[in-house]
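Asker: Following is a predicted model, sequence given first.
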Amino acid sequence: MKRILMNKNIEVLIVEYNETSKFFDYIYEVKSINYAPYILRGFYIKNDINDTVFRTNLSEWFKGRGIPSWRDKLDLLLHRLNITAPYELLDKAFGLSLSDQYWLKPCDSDILYDDINFFDNDFDYAEFMEASLSTNSRAITKETSLKTTNNTTDGMLKKAWIIDKGTRYLLKGGYKSETLQPFNEVLASEICKRLGFYHVEYTIDTYKDMVVSKCPCL
C-alpha cells in the first residue's frame, strides 16, 4: 500500500508500506530527509534511496514505536486486544503517537495532521486502559478501541494514555506483582524538583486494583 511518511504536515518519504509484515518494501521518493527521524539520517544515501540498510532501519524504527515484545504480561494484553502480536497495532489510527509527530498518510487523502493528531484530538482509551492495567478485564470487541495512541507506547511496564479534563496523562503500573516502580518515579520527580532540574512531574494514583504513576504529556 502506497503511503506518505509525514512529519506533522511535511512530506518526508513516499513509500510502499506492507500492511502484513509492517515493513517498508520500497521507497518511491525522498521528499524531505531533514524532517526524517534523526536516527535514519546517517543511513541515507542520496543516489540509492532503496539501500537495504536504510529501508531496514526505517522499518525497525517504525516497529520500535510500538509495544515491545518484553512488555510485562504481554500475552494477556494481546489476548484482551484480540490480536496475536503487538506489531498489528502499528498502523492503526495512521500510526499516530504522543511521543513524536510522525504518521502514515494514505496517498489519496488530503487529511491534515491538525485534524487527527492525538495531542489536540480525542482518542479512545477506556477499553485499552482496562486491558492494560486491570487484573480483571474482558477482551476488546470494538475496532474503534484500537484507534488510540496506546498502540504506539514503548517500554516494559504496563501502561496506558488517558485524557483527564483535557490533559493527556500516562499511567504506568509496577512490574509483575511489584508496586515499587510507580513510587520510584514519583521519588525521582521530587528529587529533580528540589534540585531545580527541568523534569516531568509524577504523582501516585490508582486504577481499580492497581497502583500507578501518573504524568502529563508535555
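Answerer: Right, received. Where do you want to start?
Asker: Now do the helices in the chain.
Answerer: Per DSSP state H, the chain carries helices over the ranges 38-41, 52-64, 74-81, 113-116, 126-133, 180-195.
Asker: Can you tell me the centre-most residue of the chain?
Answerer: Thr152 (1.7 Å; Cα atoms, centre = their mean).
Asker: I'd like the distance between Gly174 and Leu81.
Answerer: 21 Å (Cβ to Cβ, to the nearest Å). Glycine gets a C-beta too; all of them are placed from N, C-alpha and C.
Asker: what about these two, which has more around it?
Answerer: Taking other Cβ atoms under 10 Å, Gly174 and Leu81 do not tie; Leu81 has more neighbours (22 against 19).
Asker: ok, that one - contacts?
Answerer: Applying Cβ atoms under 8 Å, 6 or more residues apart in numbering to Leu81 gives the contacts Leu89, Phe128, Ala131, Ala139, Ile140, Leu146.
Asker: Leu170 now?
Answerer: Leu170 touches Leu98, Thr153, Lys159, Ala160, Trp161, Lys214, Cys215, Pro216, Cys217, counting by Cβ under 8 Å, 6+ apart.
Asker: now, which of the residues you listed sits nearest Ile67?
Answerer: Nearest to Ile67 among these is Thr153, at 6.2 Å by Cβ to Cβ.
Asker: Contacts only, for that closest one.
Answerer: Per Cβ under 8 Å, 6+ apart, neighbours of Thr153: Gly66, Ile67, Ser97, Ser99, Lys159, Ala160, Trp161, Leu170.
Asker: Can you add pLDDT and distance to Leu187 and give those back as a markdown table?
Answerer: Below are the contacts of Thr153 laid out as a markdown table (pLDDT from 0 to 100; distance: Cβ to Cβ, whole Å):
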| residue | pLDDT | distance to Leu187 |
| --- | --- | --- |
| Gly66 | 95 | 29 |
| Ile67 | 96 | 26 |
| Ser97 | 97 | 27 |
| Ser99 | 95 | 23 |
| Lys159 | 95 | 18 |
| Ala160 | 96 | 22 |
| Trp161 | 97 | 23 |
| Leu170 | 97 | 17 |
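Asker: For the residues you listed, give me CSV that also has distance to Asp51.
Answerer: Below are the contacts of Thr153 laid out as CSV (distance: Cβ to Cβ, whole Å):
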residue, distance to Asp51
Gly66, 24
Ile67, 28
Ser97, 26
Ser99, 26
Lys159, 35
Ala160, 37
Trp161, 35
Leu170, 36
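Asker: What subset of those residues is buried?
Answerer: Gly66, Ile67, Ser97, Lys159, Ala160, Trp161, Leu170 (16 or more other Cβ atoms under 10 Å).
Asker: what's near enough to touch the nearest residue to the fifth one once chain neighbours are set aside?
Answerer: Read that as Ala160. Using Cβ to Cβ, 6 or more residues apart in numbering and skipping the chain neighbours, the partner closest in space to Ala160 is Met129 (3.9 Å). Listed by Cβ under 8 Å, 6+ apart, the contact set of Met129 reads Asn150, Ala160, Ile162, Leu171, Tyr207.
Asker: Inside strands: which ones of these?
Answerer: Ala160, Ile162, Leu171, Tyr207 (DSSP state E).
Asker: Return a selection command, for use in ChimeraX, containing the buried ones of those.
Answerer: Command for ChimeraX that selects the buried part of the ones in strands among the contacts of Met129, burial taken from 16+ other Cβ under 10 Å:
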select :160,162,171,207
